[in-house]
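> predicted model and sequence follow; I will ask about them next.
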Amino acid sequence: MIIAIDGPAGVGKSTVAKLLAARLGCLYLDTGALYRAVAWKTLRSNIPPTDREQVVKLLPSTSLHMQFQNGAVQVLVDGIDVTGELRAPDVTTAASVVSAIPGVREWLLPIQRQIGQRGSVVAEGRDIGTKVFPTAPYKFFLDADAHIRVERRHRELVAAGRGGAIEATHQDLSDRDLRDRTRPIDPLVPAPDARSIDTSTLSPEQVVEVMISAMSTGL
């Protein structure tokens, strides 16, 4: 069983996906972590994320794996556990840039699908239902009011000790939305058969309940 969850930043995808995976006893696949891993390798190799040709040339010599142990996920790049470094601001910014490179997306596609073959999976990202697992039986697209998304993201940054001006958070999300929605390959759009959920006024637990209910009735 594969459950695909898509949506822009700040709608609660990660939190909801983790809760749903725990509820159903499934693996949790954060595809964004894979793009962050590529961004980490790019920065570590002193390659500008905007240099598409050099980023793609880096991929054949890159080893990328996800390990699942007791509900926790570890991301290994070339055998190095980089999990704790993937949420750093520079990696986050770089990930948004490299994720728009067609060569990166194509390289990561079979890796994501291989993880999906390990068992029942709750996968979240921005093209899960449209590209990675288009035949997934359950697809959801989460969205929320733009102001609420900015506030949520800003609270996350503050809690992580990386909070700045909320205006900067707003600009960052606007830039990411533009890149995600307008990239020529696999743009962020709801799958035709996805159930859309507005999370603006819902807690993560409430969103999970909506999903469980939808799945029990066949969406």
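That came through, no problem.

> for the closest residue to Ile128 other than its chain neighbours, give me the pLDDT.
Distances taken as Cβ to Cβ, 6 or more residues apart in numbering place Ala4 nearest to Ile128, at 4.0 Å, with adjacent residues excluded. All C-beta spots, glycine's among them, are computed from the backbone N, C-alpha and C. Per-residue confidence (pLDDT) for Ala4: 97.

> need the contact partners of whichever strand or helix holds Ala4.
Assessed by DSSP states H and E, Ala4 sits inside strand 2-6. Residues outside strand 2-6 that contact it (Cβ atoms under 8 Å, 6 or more residues apart in numbering): 13, 16-17, 20, 24, 26, 116, 120-130, 132-133, 136-142, 188, 190-191, 194, 211, 215.

> only C-alpha atoms, please: export the next helix or strand after that strand in PDB.
As assigned by DSSP H and E, the chain's next helix or strand after strand 2-6 is helix 13-24. In PDB, the C-alpha atoms belonging to helix 13-24 read as follows (Å, rounded to 0.1, in the frame of the first residue of the first chain):
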ATOM      1  CA  LYS A  13       2.900  17.400   5.100                       C
ATOM      2  CA  SER A  14       5.800  16.000   7.100                       C
ATOM      3  CA  THR A  15       4.000  16.100  10.400                       C
ATOM      4  CA  VAL A  16       0.900  14.600   9.000                       C
ATOM      5  CA  ALA A  17       2.800  11.900   7.000                       C
ATOM      6  CA  LYS A  18       4.700  10.800  10.100                       C
ATOM      7  CA  LEU A  19       1.500  10.600  12.200                       C
ATOM      8  CA  LEU A  20      -0.300   8.700   9.500                       C
ATOM      9  CA  ALA A  21       2.600   6.300   9.000                       C
ATOM     10  CA  ALA A  22       2.800   5.600  12.700                       C
ATOM     11  CA  ARG A  23      -1.000   5.100  12.800                       C
ATOM     12  CA  LEU A  24      -0.900   2.600  10.000                       C
END
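
> for helix 13-24, buried residues please.
Neighbour-count burial for helix 13-24, counted by 16 or more other Cβ atoms under 10 Å, picks out 13-21, 24.

> likewise stretch 70-80?
Neighbour-count burial for stretch 70-80 [16+ other Cβ under 10 Å]: 75, 77.

> residue ranges in this protein under the pLDDT threshold?
71, 163, 218-219 (pLDDT under 70).

> for it, what spans make up the helices?
Along the chain, the segments classed as helices by DSSP state H run 13-24, 31-44, 52-58, 89-98, 102-116, 146-159, 166-182, 204-216.
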